[in-house]
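Peer 1: curious how this folds, go ahead:
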Amino acid sequence: MAKHTIEVNGIKCYSFHGCLVEEEKIGGHYTVNVSIVTNFEKSFKSDELKDTVDYVSINAIVKSEMDIRSKLIEHVGHRIIKRLKQEIKGIQSSKVKIIKHTPPIGGDVDDVAIIIEE
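Peer 2: Now for the predicted structure:
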C-alpha cells in the first residue's frame with residue numbers, strides 16, 4: 001500500500017504559551033508544522049478537493065488551538081492532534097511539531113520544539 005502524505009509547514013503564530021507570567025502578557029513567536037498520512041486514491045481519480053484533506057482546514061485548526069493559552073506547548077500539540085483526528089476524515093496518522101522561538105530559558109537558544117506523532 002502506498003503512503004500518501006500532506007504537509008503544511010511553517011504555520012506562523014504569535015501566541016501566549018508558557019509558565020512565566022511574562023509569557024502570558026508578552027507572548028512570543030511560534031512555528032507549527034503538520035504532517036498527515038492519508039489515502040490519495042480517490043482524489044487521484046476525481047481531481048476534487050472534497051476527496052482529499054483540505055490544507056485550509058489544517059491551518060484553521062492549528063491557528064485556533066494556538067490562540068488558546070496553555071502553559072506547555074505539549075498541551076497545545078495534543079489538542080491539535082486530537083482535533084485533526086476528530087475533524088478531518090481519512091487520517092491514518094499525523095505528526096505535529098511546535099517550535100517556540102527565543103524561549104526565555106536563560107541561555108543563547110534559537111528555539112525549542114516538541115513533536116507528537118500518532
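Peer 1: what does the lowest-mean-pLDDT helix or strand in the chain contact?
Peer 2: Lowest mean confidence among the helices and strands of the chain (mean pLDDT, DSSP states H and E): helix 21-26, at a mean of 92. If you take Cβ atoms under 8 Å, 6 or more residues apart in numbering as the criterion, helix 21-26 is touched by 16-18, 69, 104. All C-beta spots, glycine's among them, are computed from the backbone N, C-alpha and C.
Peer 1: by neighbours, which of these wins?
Peer 2: The residue in the contacts of helix 21-26 with the most neighbours, by other Cβ atoms under 10 Å, is His17 (22 neighbours).
Peer 1: for that residue, what are phi and psi?
Peer 2: phi -90, psi 150 (degrees, to the nearest 10).
Peer 1: from Pro104, how far off is it?
Peer 2: 12 Å (Cβ to Cβ, to the nearest Å).
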